[in-house]
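Colleague: test case, fold it:
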Amino acid sequence: MILLGGQPAAHATGPRAAMSYVRPPGLPIVDAMTPAVLVLTGPVTQDEVTGLCDDVRMLLESTGAGCVVCDVAGLGPPGLGAVDLLARLELAAKRAGGRIRLRDPHPGLRALLDLVGLRIEVEGQPEQREPALRVEEAVEPGDPAL
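Modeller: Residues are numbered from 1 along each chain as shown. So this is what the prediction gives:
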């Protein structure tokens, strides 16, 4: 039976009638890969680091997403302990086939990460592989060629 507009089409004949399609009601089904969020609060002790690394691996495996968002707003004052934690979380994520992304990092923490050469993606910033949109570099006359 051919349906047109949800009703049987008794009058539909010919080659177009066989190709009729009725769209199901509602929104189309979309398989979205929403990253999980791991909220880091307070100063983290060395004993807690292993458990947090396990949490990152578990979140990557259970969600199937390639990224875990680490909310670091409540992490406390930036220091080398926080840098060590984030380096270990990034390593655990990479070993599980994913990565971490930081949410709301303190500017001091971002500066420390840059200082030690740890490149972790931050929410709201373009990825390092992608050039920023609408960026033009000005060249002054007399500048040496690169």
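Colleague: check contacts around Ala111.
Modeller: Counting by Cβ atoms under 8 Å, 6 or more residues apart in numbering, Ala111 touches Pro78. All C-beta atoms are positioned from the backbone trio N, CA, C, and that covers glycine.
Colleague: roughly how far does it sit from Ala82?
Modeller: Remark: distance between Ala111 and Ala82 (Cβ to Cβ, to the nearest Å) = 12 Å.
Colleague: low-confidence bits of the protein, can you list those?
Modeller: Scanning the chain for pLDDT under 70 picks out 1-24, 26-33, 126-139, 145-146.
Colleague: for it, what's the longest strand?
Modeller: When the chain is parsed with DSSP state E, its longest strand is strand 67-74.
Colleague: ok, residues contacting that one?
Modeller: Outside strand 67-74, the residues touching it (Cβ under 8 Å, 6+ apart) are 35-42, 56, 59-60, 82, 86, 89, 93, 98-106, 109, 123.
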